[in-house]
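Trainee: Predicted model follows, preceded by the sequence.
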Amino acid sequence: MTKVQYDVRPLKVFDFGATGAQEVLQNVAFILSTMLDSCPMDRGFGWNPDLDSPTQAAKARNAARIIQAIQEQEPRATVEEIRFEGDALNGQLKPIVRVSIDESI
């Protein structure tokens, strides 16, 4: 079993033909891009970002929520690290999630 780590950002382009590791990475990116309750057929899909807390508290809460969402919705990916980029003073915290996946899938 070979595990490889990848950095994943919110999804910009969707590949309907993705398979294997690319499919898992795309699924994680889609989770990051989706707010809870925004999918009509699956209201529990996505995650609920903390929008009104101080920066450090928001980072901690968002990291916990992202980990939970990925564990529940894409169990083939294991979250290794979460960091945030963006301008916290202007309310822009964009998650970058490092996941490892089994390349043999």
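Mentor: Here it is on my side, so go on. Numbers count the residues shown, from 1 in each chain.
Trainee: separation between residue 43 and residue 5?
Mentor: In this view, residue 43 and residue 5 are 31 Å apart by Cβ to Cβ, to the nearest Å. All C-beta atoms are positioned from the backbone trio N, CA, C, and that covers glycine.
Trainee: ok so residue 65 is a helix residue?
Mentor: Yes - applying DSSP: H, G, I helix; E, B strand; the rest coil, one finds residue 65 inside a helix.
Trainee: Any regions of the protein where pLDDT drops low?
Mentor: Applying pLDDT under 70 to the chain flags residues 1-2, 88, 103-105.
Trainee: And the helices in it?
Mentor: 20-33, 55-73 (DSSP state H).
Trainee: Pull out the C-alpha coordinates of stretch 14-30 and format them as CSV.
Mentor: Output in CSV follows, covering the C-alpha atoms of stretch 14-30 (Å, rounded to 0.1, in the frame of the first residue of the first chain):
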residue,chain,number,x,y,z
PHE,A,14,-14.8,19.5,-12.6
ASP,A,15,-13.6,16.4,-14.5
PHE,A,16,-16.4,13.9,-15.0
GLY,A,17,-14.0,11.2,-16.2
ALA,A,18,-11.7,11.3,-13.2
THR,A,19,-10.7,7.9,-11.7
GLY,A,20,-8.5,6.6,-9.0
ALA,A,21,-6.5,9.1,-7.0
GLN,A,22,-7.7,12.0,-9.2
GLU,A,23,-11.3,11.1,-8.4
VAL,A,24,-10.6,11.1,-4.6
LEU,A,25,-8.7,14.5,-4.9
GLN,A,26,-11.5,16.0,-6.9
ASN,A,27,-14.1,14.8,-4.3
VAL,A,28,-12.1,16.4,-1.5
ALA,A,29,-11.8,19.6,-3.5
PHE,A,30,-15.6,19.5,-4.2
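Trainee: Check what contacts it and list those residues.
Mentor: 4, 6, 8-11, 70, 73-74, 76-77, 97, 99, 101, 103, 105 (Cβ atoms under 8 Å, 6 or more residues apart in numbering).
Trainee: Please apply the same query to stretch 55-63.
Mentor: Under the contact criterion Cβ under 8 Å, 6+ apart, stretch 55-63 has outside partners 47, 49, 50, 51, 53, 82, 84, 88, 93, 95.
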